[in-house]
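S.K.: sequence and predicted structure, then a few things I'm wondering about:
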There are 2 protein chains.
Amino acid sequence: MELAEAKLKFIEAWGKLGSEWGINRTMAQVHALLLVSPEALTTEEVMAELSISRGNANMTLRDLIDWGLVEKQHKTGERKEYFYAEKDTWIIARRVAEERKKRELDPVIKILGQLSEVKGDEKDPAFKAFNSSVKDISKLANNVNTTLETMLKAEENWFFGSIFKMFKK
Amino acid sequence: MELAEAKLKFIEAWGKLGSEWGINRTMAQVHALLLVSPEALTTEEVMAELSISRGNANMTLRDLIDWGLVEKQHKTGERKEYFYAEKDTWIIARRVAEERKKRELDPVIKILGQLSEVKGDEKDPAFKAFNSSVKDISKLANNVNTTLETMLKAEENWFFGSIFKMFKK
DNA sequence: TTAAACTTTCAAAAAAAAATGAAAGATAAT
DNA sequence: ATTATCTTTCATTTTTTTTTGAAAGTTTAA
């Protein structure tokens, strides 16, 4: 396999994984393209490499910037904007975890908290089942939350060095 | 808030969370409905509660069974099939982790492994960037994999008791 | 200012994903 | 063997998501 083919495979795999996890396929592909590019690329280059429209490229790049995965660069004497992807996997993982926590986990924890407060007839099986499921899920969500928060504070080496070693015990 | 309203909110929240994570909204909603039902429900009941078609209910319930989150029950003297959801959050979390690992992580790790093997000109920046990104992501994916494997073997109390305490250090 | 170079927006179109429901397929009781 | 009950399938429709591209907006320089 040569580089060009491998690149395509990588972009395709990253796009598929993204879409399976609720991330726009094109966004994941643009991210993959930038990840394997040593230099920052222009919108034109992204459009050409992935055969996507200008509007799509523009919006996708903006989203990637919002996620903290890509940054705009300016070259002296040039009007064009260049886009460069953060290459450090630890930082990528943290940024993704951070965003998804904020966008998805936090709201759901809030709702679960409210639902845990619902009062009802302790003798009613429907109420008991509701209450117990909601409380258990709420606990789990809070555990995940705490774990993520600690991870977001943690240092890379500490994390990679420890977490799965611990599990192996 | 009363139970009926709370139930709807829970189903809605669970459906939304699911769809954000690449899981069919209706499937997540059916799961939520069964989670808060003390008794097993029939296809008819699921259809009525969520206003969905027979075909949709049937396929969704089958998928939930494939995920190991729901089981068929038969009541003596009845032809109808009843569906009951596993209520233990630890088991739910494990089943979801197990399935997604198998369906999504394993395939991507395989591809990353192949792409790590690609040979090229060490002097070419494009090759260097490709190689280094792929190898780093490959490492990360393998770490996640190992962590998941250990988690899948682990016992509930051990897991919840330790993982986030460890992070707090 | 004017105009060229580049970026952003968004209504409309296209594509992808999900849902419908009628018909076919099972199964079990009569 | 027939019928009634219940389950599954899948071509079609509907809904949702994503993409397009032309027009509007912005910035810089002459």
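M.R.: Received the coordinates, thanks.
S.K.: who touches stretch A:18-36?
M.R.: A:7, A:10-17, A:40-41, A:46, A:49-50, A:52, A:56-57, A:60-61, A:63-64, A:69-70, A:83-85, A:87, B:19-22, B:103-104, B:126, B:129-130, B:133-134, B:137 (C-beta atoms under 8 Å, 6 or more residues apart in numbering or on different chains). Just so you know, the C-beta spots here come from the backbone N, C-alpha and C atoms, and that holds for glycine as well.
S.K.: span of that stretch from start to end?
M.R.: End-to-end distance of stretch A:18-36: 16 Å, with C-alpha to C-alpha, to the nearest Å as the criterion.
S.K.: ok, and does it reach over to DNA strand C?
M.R.: Yes - taking C-beta under 7 Å from any atom of the strand as the criterion, stretch A:18-36 and DNA strand C are in contact, through residue A:19.
S.K.: let's verify the residue of chain A found nearest DNA strand D: helix, strand, or coil?
M.R.: When scored by C-beta to the nearest atom of the strand, chain A has residue A:55 as its residue closest to DNA strand D, at 1.8 Å. On the three-state scheme (DSSP: H, G, I helix; E, B strand; the rest coil), residue A:55 is labelled helix.
S.K.: and for it, the neighbour number?
M.R.: Using other C-beta atoms under 10 Å in any protein chain shown, residue A:55 is surrounded by 9 other residues.
S.K.: I'd like the average pLDDT over the lengthiest helix in chain A.
M.R.: The longest helix of chain A (DSSP state H) is helix A:125-153. Along helix A:125-153, the predicted confidence averages to a pLDDT of 92.
S.K.: list the buried residues of it.
M.R.: Residues of helix A:125-153 classed as buried by neighbour count (16 or more other C-beta atoms under 10 Å in any protein chain shown): A:126-127, A:129-131, A:133-134, A:136-138, A:140-141, A:143-145, A:147-151.
S.K.: again with stretch A:41-58
M.R.: With burial defined by 16+ other C-beta under 10 Å, the residues of stretch A:41-58 counted as buried are A:41, A:43, A:45, A:46, A:47, A:49, A:50, A:52, A:56, A:57.
S.K.: now do the same end-to-end measure for that stretch.
M.R.: Using C-alpha to C-alpha, one end of stretch A:41-58 lies 12 Å from the other.
S.K.: stretch A:96-116 now?
M.R.: By C-alpha to C-alpha, one end of stretch A:96-116 lies 28 Å from the other end.
S.K.: how about it and chain B, any contact?
M.R.: Yes - applying C-beta under 8 Å from any C-beta of the partner chain, one finds stretch A:96-116 touching chain B at A:103, A:104, A:108, A:111, A:112, A:114, A:115.
S.K.: tell me where chain A has helices.
M.R.: Chain-ordered helices for chain A, with DSSP H as the definition, fall at A:3-20, A:25-35, A:43-50, A:54-66, A:89-100, A:106-116, A:125-153, A:156-168.
S.K.: quick one: contacts of the fourth one?
M.R.: Meaning helix A:54-66. Contacts of helix A:54-66 from elsewhere in the structure, counted by C-beta under 8 Å, 6+ apart, are A:24, A:26-27, A:30-31, A:34, A:43, A:46-47, A:50, A:52, A:70-72, A:83, A:85.
S.K.: could you single out the nearest of those to chain B?
M.R.: Top of the list for closeness to chain B, among the contacts of helix A:54-66 and by C-beta to the nearest C-beta, is residue A:85 at 8.7 Å.
S.K.: neighbours of the closest one, just the number please.
M.R.: The number of residues packed around residue A:85, counting by other C-beta under 10 Å, is 21.
S.K.: distance of the residue sitting furthest away from the middle of chain A from DNA strand C?
M.R.: Most distant residue from the mean C-alpha position of chain A: residue A:123, 43.0 Å away (C-alpha atoms, centre = their mean). With distances taken as C-beta to the nearest atom of the strand, to the nearest Å, residue A:123 is found 35 Å from DNA strand C.
S.K.: how much space between residue A:97 and residue B:36?
M.R.: Applying C-beta to C-beta, to the nearest Å, one obtains 29 Å for the distance of residue A:97 from residue B:36.
S.K.: higher neighbour count, the two?
M.R.: Counting neighbours by other C-beta under 10 Å for residue A:97 and for residue B:36 shows that residue B:36 has the greater number, 24 against 16.
S.K.: how much space between that one and DNA strand C?
M.R.: Distance of residue B:36 to DNA strand C, given as C-beta to the nearest atom of the strand: 19 Å.
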